[in-house]
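**Student:** Next come a sequence and a model predicted from it.
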Amino acid sequence: MLKAWFDKGWFGGSTDRYFTNKFANVYGGLAKGEVALMFNGSWTFSEIAPYFGKEAGNDATWDWAPLPSMNSGVAAGVQPLSVGGAYSINKDCRHPDQAAAVLDYFAGDPDRQLASLAATGVAPSPVKVAEKDFPADVDPRVKRQYLQLSAGENFGYTTWTFWPPKSDTYIYEQVEKVLTGQLSPQDYCAGLDKLFQEELQAGKRPPVPAPRGA
């Protein structure tokens, strides 16, 4: 099925040009009806608006849905936890207390975080929120995503957040060979398992949070 999507260009291009495609092309293709769907993260909310609606010169609209299940043992609607960044203070900072105060100002107040979300679409810090906490001008599609995330129990773990570094690199570099038929899925998984076991034994795996209710 994935190969069919790539061949038909449903991700914004056929297999001969997919790996050099750009998000701008895919967003534009979505707005024109040339691309059926795309798999992406919540950072889409900060990027997609300029391609849709009156300001973009069209009447197209967009929406999102949780990931479908591609395995009978996995329930539909998986929400991957993929926070891939961190705010830090350099050890050589001359004014660490003032720097910490700035971080607290931006990241420590849920109301301020949600106001920023409404204005820019940039994800808030991972804090639990309720519907009453959102400002009135937030995009309802964006609000729905974070409310579902706060109430959800069906979580997945993305490679760049929860896999050791060498395994993570293997995953995204070698999967291109699978998609283009140069490497079988079985050999791909065997190679990943071998590398992961080495990193697991070496203590390189990041801590993985337990599923809710466990």
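**Tutor:** Cool, got the structure.
**Student:** Now do the domain split for the protein, please.
**Tutor:** 2-65, 96-155, 159-201 (automatic domain parsing).
**Student:** Would you reformat those domains as TSV and include mean neighbour count?
**Tutor:** Backbone N, C-alpha and C define where each C-beta goes, glycine included. Shown next, in TSV, are those (neighbours: other CB atoms under 10 Å):
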stretch	mean neighbour count
domain 2-65	14
domain 96-155	14
domain 159-201	14
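**Student:** Could you tell me the least trusted of these?
**Tutor:** Comparing mean pLDDT across these, the lowest value falls on domain 2-65: a mean of 77.
**Student:** what's the pLDDT at the residue in the chain sticking out farthest from the centre?
**Tutor:** Each residue of the chain has a distance to the centre, and by CA atoms, centre = their mean the biggest one is for Arg94: 34.4 Å. The model reports Arg94 with a pLDDT of 96.
**Student:** can you pull the contacts of the residue nearest the centre of the chain?
**Tutor:** Computing the C-alpha centroid of the chain and ranking residues by CA atoms, centre = their mean puts Gly41 first, at 2.8 Å. By CB atoms under 8 Å, 6 or more residues apart in numbering, Gly41 lies in contact with Pro80, Ser82.
**Student:** how close does it get to Lys194?
**Tutor:** Distance, Gly41 to Lys194, by CB to CB, to the nearest Å: 28 Å.
**Student:** quick one: contacts of the lengthiest helix in the chain?
**Tutor:** Selection of the longest helix in the chain by residue count, based on DSSP state H, yields helix 185-201. Applying CB under 8 Å, 6+ apart, the contact partners of helix 185-201 are Trp163, Pro164, Pro165, Lys166, Ser167, Tyr170, Ile171, Gln174, Val175, Lys177, Val178, Arg205.
**Student:** would you turn those residues into a markdown table with distance to Glu34?
**Tutor:** Compiled in a markdown table, those are given as follows (distance: CB to CB, whole Å):
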| residue | distance to Glu34 |
| --- | --- |
| Trp163 | 33 |
| Pro164 | 38 |
| Pro165 | 37 |
| Lys166 | 38 |
| Ser167 | 35 |
| Tyr170 | 33 |
| Ile171 | 29 |
| Gln174 | 30 |
| Val175 | 25 |
| Lys177 | 27 |
| Val178 | 26 |
| Arg205 | 41 |
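**Student:** So of these, which two are at opposite extremes in space?
**Tutor:** By the measure CB to CB, Lys177 and Arg205 form the most distant pair in the contacts of helix 185-201, at 24.1 Å.
**Student:** just to revisit the earlier point, quick one: which of the contacts of helix 185-201 is nearest to Ser125?
**Tutor:** Taking the contacts of helix 185-201 together and measuring to Ser125 by CB to CB, the closest member is Trp163, at 22.7 Å.
**Student:** Quick one: residues contacting the closest one.
**Tutor:** Ile171, Phe196, Arg205, Pro206.
**Student:** Which ones among those residues map onto strands?
**Tutor:** Judged by DSSP state E, the contacts of Trp163 include no members of strands.
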